[in-house]
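# this one's sequence-less:
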């Protein structure tokens, strides 16, 4: 027969933690509960739970309501007649190139991402003078 091994409890050098103090809300709920309990009567678990819940709800109702925060001021509305910013040369080039790449038979199976990559590579290969043509399209 093989002897059974026993586990050694884990020992630490930690000091025992001090007993936590109850908050004033918790103490008030407990005091309210103690005042409602008749010490000569036996209660079921459900009755005790209901009395404790009632004490908690009474304390919660007695709590002062938090002050409402002032509303943030609304952002100023943008004027409706404000003109849009002019598109860059790159944006104009991409718009024109993507349309022509989609019509090309060689690019029929490509996704929009692949078409965009192709157009971006073409943009990088253009000279500065060719890029300037797309500034005012």
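The structure has been received and is ready for your questions. As the structure is a computational prediction, the values presented were derived from the model and not from experiment. Numbers count the residues shown, from 1 in each chain.

# what sits against residue 97?
119, 122, 123 (CB atoms under 8 Å, 6 or more residues apart in numbering). Bear in mind the C-beta positions are built from the backbone N, C-alpha and C, glycine included.

# just the residues contacting the helix or strand harbouring residue 60, thanks.
Taking DSSP states H and E as the definition, residue 60 sits inside helix 45-62. Identification of contacts with helix 45-62 by CB under 8 Å, 6+ apart yields 25, 28, 29, 30, 32, 33, 36, 37, 43.

# ranges for the helices of the chain?
Assigned by DSSP state H, the chain shows helices spanning 24-36, 45-62, 89-103, 112-125, 128-132.

# with distance to residue 69 and mean pLDDT added, can I get the ones you listed in TSV?
What follows is the helices of the chain, written out as TSV (distance: least, CB to CB, whole Å; pLDDT from 0 to 100):
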stretch	distance to residue 69	mean pLDDT
helix 24-36	23	83
helix 45-62	21	85
helix 89-103	42	91
helix 112-125	45	92
helix 128-132	52	91
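
# make JSON lines out of those helices and add distance to residue 70.
Formatted as JSON lines, the helices of the chain follow (distance: least, CB to CB, whole Å):
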{"stretch": "helix 24-36", "distance to residue 70": "27"}
{"stretch": "helix 45-62", "distance to residue 70": "26"}
{"stretch": "helix 89-103", "distance to residue 70": "42"}
{"stretch": "helix 112-125", "distance to residue 70": "47"}
{"stretch": "helix 128-132", "distance to residue 70": "52"}
